[in-house]
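**Student:** How does the following fold in three dimensions:
(chains A and B)
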There are 2 protein chains.
Amino acid sequence: MIGLGLIGGSVMRAASAAGRATWGATASTTDAEAARAAGFTVEASVDDALRRADEEDALIVLAVPLTALAEVLRSVSAYAPGCRLTDVISVKGAVSEAVRKINPYARYVGGHPMAGTSRSGWSAGSAELFRDAAWVVTTEDDSDQEVWTEVVQLALACGAHVVPASASAHDDAVARISHLPHLLAAVLASVGASGGPLSLALAAGAFGDGTRVAGSRPELVQAMCEGNRAALLDAVDDALGRLGAARGSLASTGGLAATVNAGHLARRELEQHRSGTRHAVKVDLEARDALTNLRDLGNKGGRLTALDGTVAIVQML
Amino acid sequence: MIGLGLIGGSVMRAASAAGRATWGATASTTDAEAARAAGFTVEASVDDALRRADEEDALIVLAVPLTALAEVLRSVSAYAPGCRLTDVISVKGAVSEAVRKINPYARYVGGHPMAGTSRSGWSAGSAELFRDAAWVVTTEDDSDQEVWTEVVQLALACGAHVVPASASAHDDAVARISHLPHLLAAVLASVGASGGPLSLALAAGAFGDGTRVAGSRPELVQAMCEGNRAALLDAVDDALGRLGAARGSLASTGGLAATVNAGHLARRELEQHRSGTRHAVKVDLEARDALTNLRDLGNKGGRLTALDGTVAIVQML
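**Tutor:** Numbering: from 1, shown residues only, chains lettered A, B, ... in the order given. Next comes the predicted model:
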């Protein structure tokens, strides 16, 4: 584990709880001390942790901010170039591009567990953070299937289910359901606070819910959103278009039915997606185009919940 | 109580629990039957309930949707024109305009408890819904102080604290912290769902929080937002401007620091407003300009938490 913040620290706890040998390193003295105090192995430096990964043929998991990635990838190149490599960073296109550039021969498959809190650092983590969460494992036509399977096994061991997706489909989706919500929360918080103390005095559930993620550490939110620039621009344009249409309708006819009804139906879609009955589909990993088929199932909302030998079990709605 | 949905039904429960004699009426057979089954008095019709209010010199509380208000006000005019009158509807300018037009001699002071859930109807209510919530009582220079005091007493009896505010300041504030959040939630839900099943599969806390109020009954959201058109247009324009600026910055320099940092500071302002230490200020209700002074304190974030004889206790940050 390189990086022992909220996500990295939680992966280390969950993987250890699942019986795996783990060790880590972090640039944060606070996180390193807290992890050691909790009984985990933290090497003296990132380079040391990577040297040990090379010796023990470990799976390296990068859990550093996107802004620190290039430097860590250069260390991987220097000390553990042959190791299997994954990450838990919240954008996938930018990470795979950096890997391609800095470690062109890396055996890399990306990952992204969809879990978090508005708090950060080792102390905010938990072995249960990923329980029943989605964990995207990037799935391209030419992905290294051995590394892919190992990353899937790690995600399942942490209690998550796996959503196979291409890096670009992942980035489009998270722009809509993670990065845009962070921007809208920031905008909403600013509009509310600019109404002065009376506005804050009247703020109740709708404002509290709508601004909650604006409480997250701003440098992390900024790095995450800026790292997904192209996809986020599309999502922001979609939101601007819809909000502008609502504005036009409110100003002209005074009506908001279209906006409100569409939003209500969309929210119900989310609820149905979460609570709907699913049936299992089996995919033979030794079959031709297995990864392509799995990615198609992921695109349709499928969840890979188990590996049974060389068969992946995917739960479909 | 005219109207026994989520809010009206909760006011009836809370006022009864505080020892007040209450009776109600509603156009909803479902709500009427549920309220009667719970041991509350529900008259056969709105007109009957208003006739009884006239006989017993009651305080009439209107808890009907804005779209049903005009009809109810005509009944008030016909059967209980001299009664003290308040409401718990979520906009105040439109209600006081309707009262001025339909019941020009009404002894009316408006109210708005800032509480709710995404569910609705009598069965969703509770005597505890207003515990520690803000309850705006409209406070104009010419408000009828006797009725004002009665409405304040009702709000306090329901467990709320009172925020004195003019109808127009109230409407500006709720456009920012209630109606805009509902519109943004609708827009966000639509942008997310238009990303297809993969987007819904990856939706976690940020999207769940940001779209929660899109689950509210759309006809209620629509009526509430449309009823506050002018103020909501201003709030939407503010949001469009800020989101457009973020878009421009992301497209040009790629930076989102200004948006994200401003949102984070605003969210912290909200948290500080909620948890900050307060000190009591006393306002003599018999003094000249008492209501004007109370409204000024409300504008500064003050909460009226008790009436001690003719002295109002206001908690200031």
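**Student:** In the stretch 201-317 of chain A, which residue sits closest to chain B?
**Tutor:** Closest approach between the stretch 201-317 of chain A and chain B, counting by CB to the nearest CB: A:Gly263, at 2.4 Å. Bear in mind the C-beta positions are built from the backbone N, C-alpha and C, glycine included.
**Student:** Please state the backbone phi and psi of A:Val88?
**Tutor:** The phi/psi pair for A:Val88 (degrees, to the nearest 10) reads phi -130, psi 30.
**Student:** Roughly how far does it sit from chain B?
**Tutor:** 14 Å (CB to the nearest CB, to the nearest Å).
**Student:** which helices and strands does the lengthiest helix in chain A pack with?
**Tutor:** Once chain A is assigned using DSSP state H, the helix that runs over the most residues is helix A:229-252. Counting by 3 or more CB pairs under 8 Å, 6 or more residues apart in numbering or on different chains; DSSP states H and E, the packing neighbours recorded for helix A:229-252 are helix A:167-174, helix A:180-193, helix A:257-275, helix B:180-193, helix B:229-252.
**Student:** where in chain A is pLDDT low?
**Tutor:** Within chain A, the stretches falling below the threshold (pLDDT under 70) are A:117-118.
**Student:** which stretches of it form helices?
**Tutor:** When secondary structure is read from DSSP H, chain A shows helices at A:6-17, A:29-37, A:46-56, A:69-79, A:93-102, A:145-157, A:167-174, A:180-193, A:196-202, A:205-211, A:218-226, A:229-252, A:257-275, A:290-299.
**Student:** which of these is buried the deepest?
**Tutor:** Mean neighbour counts were compared across the helices of chain A using mean count of other CB atoms under 10 Å in any protein chain shown; the top stretch is helix A:180-193, at a mean of 29.
**Student:** Near chain B, which residues of the stretch 1-150 of chain A are found?
**Tutor:** The interface of the stretch 1-150 of chain A toward chain B, taken as CB under 8 Å from any CB of the partner chain, is made up of A:114-117, A:133-134, A:136.
**Student:** Buried members of those residues into ChimeraX, please.
**Tutor:** A single ChimeraX command suffices to select whichever of the residues of the stretch 1-150 of chain A next to chain B are buried according to 16 or more other CB atoms under 10 Å in any protein chain shown:
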select /A:114,115,116,133,134,136
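**Student:** which two in the residues of the stretch 1-150 of chain A next to chain B are spaced the farthest apart?
**Tutor:** Maximum pairwise distance among those (CB to CB): 18.7 Å, between A:Thr117 and A:Val136.
**Student:** Touching, A:Arg229 and B:Gly255? I think so.
**Tutor:** No. The criterion here is CB atoms under 8 Å, and A:Arg229 misses it with B:Gly255 at 9.9 Å.
**Student:** quick one: contacts of stretch A:228-238?
**Tutor:** Outside of stretch A:228-238, the residues that reach it under the criterion CB atoms under 8 Å, 6 or more residues apart in numbering or on different chains are A:90-91, A:93-94, A:168, A:171-172, A:174-176, A:179-180, A:183, A:225, B:191, B:194, B:243, B:246-247, B:250-251, B:254.
**Student:** and the residue lying closest to A:Ser96 once chain neighbours are set aside, how far is that from B:Phe207?
**Tutor:** Setting aside the residues directly before and after it, A:Ser96 is nearest to A:Ala167 in space (CB to CB, 6 or more residues apart in numbering or on different chains), at 5.2 Å. Taking CB to CB, to the nearest Å as the measure, A:Ala167 falls 20 Å from B:Phe207.
**Student:** Same check on A:Tyr79?
**Tutor:** The separation that A:Tyr79 has from B:Phe207, given CB to CB, amounts to 38 Å.
**Student:** Also A:Gly301?
**Tutor:** 15 Å.
**Student:** what do you get for A:Ala21?
**Tutor:** Remark: distance between A:Ala21 and B:Phe207 (CB to CB) = 35 Å.
**Student:** Would you point out which residue of the stretch 101-250 of chain A is nearest chain B?
**Tutor:** A:Ala186 (2.4 Å).
**Student:** Could you double-check that that residue sits in contact with B:Val260?
**Tutor:** Yes. In this structure, A:Ala186 sits in contact with B:Val260. The criterion is CB under 8 Å, and the distance is 5.4 Å.
**Student:** shared neighbours of those two, which are they?
**Tutor:** Contact with both A:Ala186 and B:Val260 is made by residues A:Val221, according to CB under 8 Å, 6+ apart.
**Student:** Could I get the contacting residues of A:Asp172?
**Tutor:** Taking CB under 8 Å, 6+ apart as the criterion, A:Asp172 is in contact with A:231, A:234-235, B:195, B:199.
**Student:** Pull the contacting residues for the nearest residue to A:Lys300 once chain neighbours are set aside.
**Tutor:** For A:Lys300, the nearest residue in space outside its immediate sequence neighbours is B:Pro197; the separation is 5.4 Å by CB to CB, 6+ apart. Contact partners of B:Pro197, counting by CB under 8 Å, 6+ apart, are A:273, A:299-301, A:317.
**Student:** so how far is A:Arg274 from B:Pro197?
**Tutor:** When B:Pro197 is compared with A:Arg274 (using CB to CB), they lie 12 Å apart.
**Student:** swap in A:Leu183?
**Tutor:** Using CB to CB, one gets 24 Å for the distance from A:Leu183 to A:Arg274.
**Student:** Please apply the same query to A:Leu59.
**Tutor:** Using CB to CB, one obtains 30 Å as the distance from A:Leu59 to A:Arg274.
**Student:** I figured A:Gly190 hits B:Gly263, correct?
**Tutor:** No, residue A:190 isn't Gly; it's Ser. Yes. Look at A:Ser190 against B:Gly263 with CB under 8 Å: they come within range, at 5.5 Å.
**Student:** Would you mind splitting chain A into its domains for me?
**Tutor:** According to automatic domain parsing, chain A is divided into the following domains: A:6-165, A:171-248.
**Student:** okay, these in a markdown table with distance to B:Ala124 next?
**Tutor:** Supplementary listing: these in a markdown table, determined by distance: least, CB to CB, whole Å:
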| stretch | distance to B:Ala124 |
| --- | --- |
| domain A:6-165 | 27 |
| domain A:171-248 | 13 |
